[in-house]
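In: compute the structure for the input listed below.
(4 chains)
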2 protein chains.
Amino acid sequence: MRHATDLRSVTTREALLDCAERLFVEHGHAATSLRDITREAHANLAAVNYHFGGKEALIQAVLKRRLASLNSERLAALDALESQAGDQALKPSQIVDAFFGTLLRQAASPTNEGGRFLTLLERTMTDPASFVRTVFADEYAGVLERFKRALFRALPDVPREEILWRFHFMLGATSFAIAGSNTLRLVMGWEDLGQDAPSTASQHGTTVETERLLERLMSFLLGGLRAPLPQPAA
Amino acid sequence: MRHATDLRSVTTREALLDCAERLFVEHGHAATSLRDITREAHANLAAVNYHFGGKEALIQAVLKRRLASLNSERLAALDALESQAGDQALKPSQIVDAFFGTLLRQAASPTNEGGRFLTLLERTMTDPASFVRTVFADEYAGVLERFKRALFRALPDVPREEILWRFHFMLGATSFAIAGSNTLRLVMGWEDLGQDAPSTASQHGTTVETERLLERLMSFLLGGLRAPLPQPAA
DNA sequence: GTCTATATGTGGATAGAC
DNA sequence: GTCTATCCACATATAGAC
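Out: Take a look at the predicted model:
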């Protein structure tokens, strides 16, 4: 089931990225040593320092690789929608799908296994280390700006502050959608799979399952987004 | 602004718990050493081992203290509602409030500062370490069972699996509601407050703000919970 | 219960040969 | 680019005096 050389990763550099990512997801970056990573990648201990300059830089590279890919795809999706809509405002459901649907579909792509990527993303969002937050902020700033504008246009009669909050809530719901290693099992009533159980979603992480999850999540998100306002006259 | 002895915490044991909790929230438990904790608590390095038996046990104690308090209050709220409703099913909004409202209100209590407790909870939910998951599972198992049953009764025509997913989504949205240290700033367009910014919510974490947040969150959650089903005939 | 001193381990990083 | 050997900082934990 695991024989380390893993998969593609022709160069040492790539092997390090791949192995580091997997180990970070499984144990967190704080609990993963460079020795763990280089052993798994069949590389030398000094390789990380040579290729990346240090552990922090490796972590940042792992995150950047995924976030950049995700966000450029998101922007592409939004671009397509907007050019197709001409000068009309998009529907909220389109925007939500471009943002969250892209995420889930990319998480289900064969490049990732199960919800690994989502777990990584979820941790990144809440990581206390500043060098992690930096990457996150850099990679997200532009995308969020674009999507916020789109949502403002799509929901002209909802106060902007309210939209921002709901966008934030949607992020949280999505974050838990697949990745919630702990809660998902508990809520669903599944048994704990022992000490170091792998990402929950990978258990049945076929494309079909992801498709169903996406449908579930989308209707929840849209329900929340379009819910009646707390107090109409703010 | 900080002079360590902190607050109540008459005994060394309590001081250790308080300081550990704060440092865990700020830097994560992996990045927090016993030296940091004992220094902050004006206690001796050996004190942690004496009072708790080791670092892991201290972490578990920190989590248990909060989770036990939160969940007993949740159960009390549900008990009150149910005994008041007699043999009638509760309204979804009542159940959601007993679960998530209790959380937010407790997070806003003077015992905690701002969203500190929510950050702790959020991290606990997604922590990869097994000794953290254990505590979480133990403390949550009973409560979740009760609330699931209540929701099943309240929404008899919604498939149970769907309810469970939506409950899970709600957990995610709530988790991000205050605690999302990173995303919140980004989504809202606030500037980063520098290297080690404190919990975002504590910036304006008055009771009034929490009340408004609770209203926002509740309407979002209920909107999502009662959203039209993805495919009526599953 | 509290403290000092210390045992023992592990981590990240680097110098320098190949 | 890769490897070995090693340095050094820092972590947890404990033994034993007070």
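
In: the helix ranked longest in chain A: how far from the chain's middle?
Out: Under DSSP state H, the helix in chain A containing the largest number of residues is helix A:55-85. In terms of CA atoms, centre = their mean, to the nearest Å, the centre of helix A:55-85 is set 10 Å apart from its chain centre.

In: which helices and strands sit right next to it?
Out: Packing contacts for helix A:55-85, counted by 3 or more CB pairs under 8 Å, 6 or more residues apart in numbering or on different chains; DSSP states H and E, involve helix A:12-27, helix A:34-40, helix A:92-96, helix A:102-107, helix A:116-126, helix A:130-154. (C-beta placed from N, C-alpha, C; glycine too.)

In: hey, which of those helices is tucked in deepest?
Out: Mean neighbour count (mean count of other CB atoms under 10 Å in any protein chain shown) peaks for helix A:116-126 among the helices and strands packed on helix A:55-85, with a mean of 24.

In: is it positioned near chain B?
Out: Yes. Against chain B, helix A:116-126 shows contacts by CB under 8 Å from any CB of the partner chain at A:T119, A:E122, A:R123, A:T124, A:M125, A:T126.

In: pLDDT of that helix, averaged?
Out: Helix A:116-126 carries an average pLDDT of 87.

In: next one: stretch A:77-91
Out: Rounded mean pLDDT across stretch A:77-91 is 97.

In: residue contacts, A:F136?
Out: When contacts are counted by CB atoms under 8 Å, 6 or more residues apart in numbering or on different chains, A:F136 touches A:L63, A:L67, A:T124, A:M125, A:D127, B:N182, B:L186.

In: I'd like those residues as CSV, with distance to DNA strand C appended.
Out: Formatted as CSV, the contacts of A:F136 follow (distance: CB to the nearest atom of the strand, whole Å):
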residue, distance to DNA strand C
A:L63, 16
A:L67, 22
A:T124, 18
A:M125, 22
A:D127, 15
B:N182, 23
B:L186, 27
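
In: for the residues you listed, which one is nearest DNA strand D?
Out: A:D127 (18.3 Å; CB to the nearest atom of the strand).

In: isn't that closest one right up against A:R133?
Out: Yes. With contact defined as CB atoms under 8 Å, A:D127 counts as touching A:R133 (6.7 Å).

In: what touches both of those two?
Out: Shared contacts of A:D127 and A:R133, counting by CB under 8 Å, 6+ apart, come down to B:N182.

In: the helix or strand of chain A with the lowest mean pLDDT: what's the following helix or strand?
Out: The helix or strand of chain A with the lowest confidence, counting by mean pLDDT, DSSP states H and E, is helix A:183-188 at a mean of 80. Using DSSP states H and E, the helix or strand that directly follows helix A:183-188 along the chain is helix A:207-225.

In: tell me the mean pLDDT for that next one?
Out: 90.

In: where does chain A dip in pLDDT?
Out: A:1-8, A:114, A:179-181, A:191-206, A:232-234 (pLDDT under 70).

In: make CSV from the helices and strands packed on helix A:55-85 and add distance to A:L78 to it.
Out: Converted to CSV, the helices and strands packed on helix A:55-85 look like this (distance: least, CB to CB, whole Å):
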stretch, distance to A:L78
helix A:12-27, 26
helix A:34-40, 35
helix A:92-96, 7
helix A:102-107, 9
helix A:116-126, 19
helix A:130-154, 6
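
In: ok, A:Y50 - how many residues close by?
Out: 12 (other CB atoms under 10 Å in any protein chain shown).

In: do you know how far it is from A:E21?
Out: 19 Å (CB to CB, to the nearest Å).

In: swap in A:T32?
Out: For A:T32 relative to A:E21 (CB to CB), the value is 10 Å.

In: likewise A:K55?
Out: 14 Å.

In: repeat for A:L45
Out: Taken as CB to CB, the span from A:L45 to A:E21 is 19 Å.

In: rewinding a little: would a markdown table of the helices and strands packed on helix A:55-85 with distance to DNA strand D be doable?
Out: Formatted as a markdown table, the helices and strands packed on helix A:55-85 follow (distance: least, CB to the nearest atom of the strand, whole Å):
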| stretch | distance to DNA strand D |
| --- | --- |
| helix A:12-27 | 4 |
| helix A:34-40 | 8 |
| helix A:92-96 | 42 |
| helix A:102-107 | 29 |
| helix A:116-126 | 20 |
| helix A:130-154 | 17 |
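
In: one step back: got the buried residues for the longest helix of chain A?
Out: A:55, A:58-63, A:66-67, A:70-71, A:74-75, A:77-78, A:81-82 (16 or more other CB atoms under 10 Å in any protein chain shown).
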